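Novice: everything below, folded, please.
(one chain, ligands or ions: 1)
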Amino acid sequence: MADCIFCKIASKEAKSKTVFEDETVIAFRDLDPKAPEHILVIPKKHVESINDFKESDKNLAAHILVDVIPKIARDLKISEKGYRVVINTGDDGGQTVNHLHFHILGGRSMTWPPG
Ligand code: DGP
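Specialist: Below you'll find the model as predicted:
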């Protein structure tokens, strides 16, 4: 999408600190980190939110959850101590960028419930 900052990051029109990339997914460091490790994992194609994942996106969703996120956590060495995966969705969910993204937060102990 023309005005979407994460589409621009996916197409390299905008810079990011990339930690992982393949054909369908790119992961990069959050601009405003909320933990020592704060990575955003996005599908390269524009999907507005998790509400917009379609039947045909099942392989992509599984790839992100089964392959990409655990690999990044291993690479960042936060796998064993633990980390949090967050998908903010819509206004009440606190979504500010309308391109689906999975936050990976780690490197410190998290509290619950979230604000
Ligand atoms: P959310 O509130 O879940 O929509 O989170 C959006 C996150 O995206 C927020 O933590 C800040 C981050 N962010 C916004 N713009 C950029 C950008 O241009 N580059 C990077 N690396 N992160 C961004």
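Novice: CA atoms for contacts and neighbours, from now on please.
Specialist: OK.
Novice: and the strand ranked longest in the chain, which strands flank it?
Specialist: As assigned by DSSP state E, the longest strand anywhere in the chain is strand 37-43. Strand pairing for strand 37-43, determined by DSSP bridges: strand 25-29 (antiparallel), strand 102-106 (antiparallel).
Novice: between those, which one is closest to the ligand.
Specialist: strand 25-29 (5.2 Å; Cα to the nearest ligand atom).
Novice: tell me the average confidence for that closest one?
Specialist: Mean pLDDT, computed over strand 25-29, is 98.
Novice: likewise for stretch 50-70?
Specialist: 98.
Novice: can you tell me if it touches the ligand.
Specialist: No - shown here: stretch 50-70 not in contact with the ligand (Cα under 6 Å from any ligand atom), separated by at least 11.5 Å.
Novice: buried ones in stretch 93-111?
Specialist: Under the neighbour-count criterion of 16 or more other Cα atoms under 10 Å, stretch 93-111 has 98-107 buried.
Novice: the longest strand of the chain close to the ligand?
Specialist: No - using Cα under 6 Å from any ligand atom, we find that strand 37-43 stays clear of the ligand, coming within 7.2 Å at best.
Novice: okay, the strands paired with strand 37-43 in JSON lines with distance to the ligand next?
Specialist: Listed next are the strands paired with strand 37-43 as JSON lines, based on distance: least, Cα to the nearest ligand atom, whole Å:
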{"stretch": "strand 25-29", "distance to the ligand": "5"}
{"stretch": "strand 102-106", "distance to the ligand": "7"}
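Novice: distance to Ala73 added to those, as JSON lines?
Specialist: Shown next, in JSON lines, are those (distance: least, Cα to Cα, whole Å):
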{"stretch": "strand 25-29", "distance to Ala73": "12"}
{"stretch": "strand 102-106", "distance to Ala73": "8"}
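Novice: if we can go back for a sec, next helix or strand past the longest strand of the chain?
Specialist: Downstream of strand 37-43, the next assigned helix or strand under DSSP states H and E is helix 58-62.
Novice: what sits up against that next one?
Specialist: 24, 43 (Cα atoms under 8 Å, 6 or more residues apart in numbering).
Novice: roughly how far out does that helix sit from the chain middle?
Specialist: How far helix 58-62 lies from its chain's middle: 14 Å, per Cα atoms, centre = their mean, to the nearest Å.
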